[in-house]
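Visitor: sequence unavailable; structure follows:
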């Protein structure tokens, strides 16, 4: 699962486990174990529903969470990625090109978590169909290009 959330929001991840014999459930964030003493999280269980509550999502709490259920017959793991919500991109370039066969598109976007790529949809004036392009982000110094 991929969960996009705003920084400061409460977020719950639930893991429903049906097993016989009963399974032990463990939680991890980015490969590190979590327990009742982990900061900013609350672990709870109601019958077969195990949940992890992030009290207020922060830059430190975004990442990959996993729930692993294990018993004598084996184990199963489910994951959820928590991501800070990227704000909508702001188009900086003019909407009309100075050149007949080329167009330079510039935009800016703010996000609490790292932006790795953008999806850009383009269509020619008068066309009905959009072409989708994935644009990867490269970082140079403090600037993202």
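Guide: That came through, no problem. Quick caveat, the model's predicted, so the values are computed rather than measured.
Visitor: how about the residue most central in space within the chain, secondary structure?
Guide: With distances taken as CA atoms, centre = their mean, residue 83 lies nearest the centre of the chain, 3.1 Å away. Recorded secondary structure, residue 83: strand (DSSP: H, G, I helix; E, B strand; the rest coil).
Visitor: identify the residues contacting it.
Guide: Residue 83 is in contact with 2, 3, 4, 5, 62, 113, counting by CB atoms under 8 Å, 6 or more residues apart in numbering. Where C-beta positions appear, they are placed from N, C-alpha and C, glycine not excepted.
Visitor: among those residues, which one lies nearest to residue 120?
Guide: If you rank the contacts of residue 83 by distance to residue 120 using CB to CB, residue 4 comes first, at 18.8 Å.
Visitor: from residue 121, how far off is the closest one?
Guide: Distance of residue 4 to residue 121, given as CB to CB, to the nearest Å: 19 Å.
Visitor: and these two? Which one has more around it.
Guide: Here residue 4 and residue 121 are compared on neighbour count by other CB atoms under 10 Å; more neighbours surround residue 4, at 12 against 8.
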